[in-house]
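Novice: below is the sequence, then the predicted model.
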Amino acid sequence: MDQRIHELVEYAATLRFEDLPQPAVHECKRRIIDSLACAMGAFDEEACRIARAVARRCVGNPPARILGTLDRTTPEHAAFANGAMIRCHDYNDAYFARSSGHPSDGLGAVLAVGEAARAHGRAVITAAALSYEAYCNFSDVLQREQGWDYPLHVVVASAAASAKLLGLGAPQAGQAIALAVTPNLPLEQTRLGEISMWKSCAGANAARNGVFAALLAREGLTGPDQAITGRWGLCHKVGRFEWAPFGGRGGPFRITQTHIKYYPSVIHSQSPVTAVLELHGKVAPEDIESITVETYWVAERYVDRGSPLWHPSTRETADHSIPYIVAAALLDGNVTAESFSEERLRDPRLHALMRKMSLRENPGFTKAHPSAWPCRIEIITRSGEHMTAGCEYFRGHIKNPLSDAELEAKFRRLAAGRLAPGQIDAALARLWALEQAADIGEVIGLFAVERARD
């Protein structure tokens, strides 16, 4: 077996719920609560409706259900539809080491396979922790911006977690990972130029493919030899690497190290939003002469003012545009899903503020990142007044975390209008006690949207 796959499979085989310290279990439940909140908040988006429509065409044996409608489909299609909802509003958690992404994208696979396997809550928590370990370890050891998109991490994580939930032995689990990694090298073009709906679905698709790989391996299908370390394996494309120490082997479980977002926008915008909100209401937009956003290396993406990031025409581009997001926060005093509506994308006041804005890299900030996420914003008024605000650890950063009460408030806010108040209360109660659940399907069953459009 491929050496890197062998090491991951060995870790997965030995990981038990009892190995997870209480803080890791608690943080796992928080990530699941956060992800399900994101799914409910994005339920009505077009990309999510399309994903559900495609998923409903298939019936699984055993089945898994689609969040919101509770229609039955295959585990891999449920992973896709549910994962698209989790990711759609760019509101789910994020991790950044040498490279970045959203490890909760793998929870679509964990929940779908968990339901199909009628797994108990402890098994789901363990599989979620495993998924995060595999995903985040890739982020620890692989450089950013090599041309491969982060769903590469998701597909391997989802295959490993699915194999764990399906009870596959080490040889079959190794085949699942080989079957996941070889045909699934996604391109980072997904996140460049005018960004499309696929941004919401790329991680979900990787979760789907990870589930499918595990199902194939369970039936006895074998995958390519040396899928990672072989001559034309993954290492040929991304460079040779060794895994960093996995969680519980002298280090923290990585599920405790991800940032939970306070605003539904790209992770690089969280500090700028936090900073600019200190200036909201202190100056009239028409009195602003210039706005300077001083940040780390991400400023290099904004050198070309002809880029779609300066002229977003899709919500997916807008929620990845720091200028757009800062302007919206300055105007409205908040950033919500409504900040990216079709009407707001055409708002002339917002675009007028963007024209007054510039982004500048601070080498000291770049050196500090990603341990810190520093940002400084300066506004100069037409009268010559200088106003500044800064942020080092945005709300939701692991060094400035959301409280359980704040996380519950996020869940209630995003689920409102989709779930009845009693459903919300019941779902939160079950999720906080997830390790006691005899069957994860009992929890999934609480997520039936009252007035589902489809």
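Specialist: Received the coordinates, thanks. Quantities reported herein were computed from a predicted structural model and do not represent experimental measurements. Numbering: from 1, shown residues only.
Novice: and residue 345, what does it touch?
Specialist: 312-315, 318 (CB atoms under 8 Å, 6 or more residues apart in numbering). In short, each C-beta sits where N, CA and C put it, glycine included.
Novice: which pair in those spans the largest distance?
Specialist: 313 and 315 (9.3 Å; CB to CB).
Novice: between these two, who's got more neighbours?
Specialist: Comparing residue 313 with residue 315 by other CB atoms under 10 Å, the one with more neighbours is residue 315, at 26 against 13.
Novice: neighbours around the residue lying closest to residue 138 once chain neighbours are set aside, how many?
Specialist: Residue nearest to residue 138 in three dimensions, not counting chain neighbours: residue 153, with 4.0 Å by CB to CB, 6 or more residues apart in numbering. When neighbours are counted by other CB under 10 Å, residue 153 registers 29.
Novice: secondary structure element for residue 153?
Specialist: According to DSSP states H and E, residue 153 maps onto helix 151-165.
Novice: low-confidence stretches in the protein?
Specialist: 451-453 (pLDDT under 70).
Novice: how's it carved up into domains?
Specialist: What automatic domain parsing lists as the domains of the chain is 3-262+409-444, 267-391.
Novice: deepest of those, which one?
Specialist: Neighbour counts averaged per stretch over the domains of the chain are highest for domain 3-262+409-444, at a mean of 22; criterion: mean count of other CB atoms under 10 Å.
Novice: next one: it to chain centre, how far?
Specialist: The chain centroid and the centroid of domain 3-262+409-444 are separated by 9 Å, computed with CA atoms, centre = their mean, to the nearest Å.
Novice: what do you get for stretch 436-454?
Specialist: 21 Å.
Novice: just stretch 388-407 next, same as before
Specialist: Mean-position distance between stretch 388-407 and its chain equals 17 Å (CA atoms, centre = their mean).
Novice: now do that stretch: distance from first to last residue.
Specialist: 29 Å (CA to CA, to the nearest Å).
Novice: what do you get for stretch 314-332?
Specialist: OK, stretch 314-332 end separation, CA to CA: 20 Å.
Novice: tell me how far that stretch is from the chain's mean position?
Specialist: Computed by CA atoms, centre = their mean, the chain-centroid distance of stretch 314-332 equals 18 Å.
Novice: kindly report the same for stretch 263-272.
Specialist: With CA atoms, centre = their mean, you get 13 Å for stretch 263-272.
Novice: residues in contact with it?
Specialist: Against stretch 263-272 from outside (CB under 8 Å, 6+ apart): 41, 89-91, 94, 96, 100, 259, 261-262, 273, 293, 295, 298, 319-322, 325-326, 329, 335-337, 339-340, 373-375, 377, 391-397.
Novice: take those residues and keep only those in helices.
Specialist: 41, 273, 322, 325-326, 329 (DSSP state H).
Novice: list just the nearest of the residues you listed to residue 16.
Specialist: residue 41 (33.5 Å).
Novice: wait, doesn't the closest one sit right on residue 414?
Specialist: Yes: assessed by CB atoms under 8 Å, residue 41 is found in contact with residue 414 at 3.3 Å.
Novice: what touches both of these two?
Specialist: With CB under 8 Å, 6+ apart as the test, residue 41 and residue 414 both reach residue 91.
Novice: where exactly do the helices run in the stretch 151-300 of the chain?
Specialist: In the stretch 151-300 of the chain, helices defined by DSSP state H, counting those that start in this stretch lie at 151-165, 170-181, 198-218, 234-238, 270-276, listed in chain order.
Novice: reformat the domains of the chain as TSV; add distance to residue 402.
Specialist: Shown next, in TSV, are the domains of the chain (distance: least, CB to CB, whole Å):
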stretch	distance to residue 402
domain 3-262+409-444	5
domain 267-391	12
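Novice: which of the ones you listed sits closest to residue 401?
Specialist: Minimum separation from residue 401 across those (CB to CB) falls at domain 3-262+409-444, 7.0 Å.
Novice: which residue ranges of the stretch 251-400 of the chain form strands?
Specialist: 288-295, 357-361, 375-381, 386-391 (DSSP state E, counting those that start in this stretch).
Novice: and the stretch 51-200 of the chain, by the same measure?
Specialist: Going by DSSP E, counting those that start in this stretch, the stretch 51-200 of the chain shows strands at 64-65, 72-73, 95-96, 100-101.
Novice: what's the first one packed up against?
Specialist: It refers to strand 64-65. Contact here means 3 or more CB pairs under 8 Å, 6 or more residues apart in numbering; DSSP states H and E; on that basis strand 64-65 packs against strand 72-73, helix 75-87, helix 107-116.
Novice: which residues does that strand contact?
Specialist: Residues contacting strand 64-65 (CB under 8 Å, 6+ apart): 71-75, 78-79, 111-113, 115-116, 441, 444-445.
Novice: check stretch 230-248 too.
Specialist: Residues contacting stretch 230-248 (CB under 8 Å, 6+ apart): 2, 4, 7-8, 11, 15, 19-20, 24, 129, 133, 137, 140-143, 146, 148, 152, 181-182, 185, 224, 226-229, 251, 253-255.
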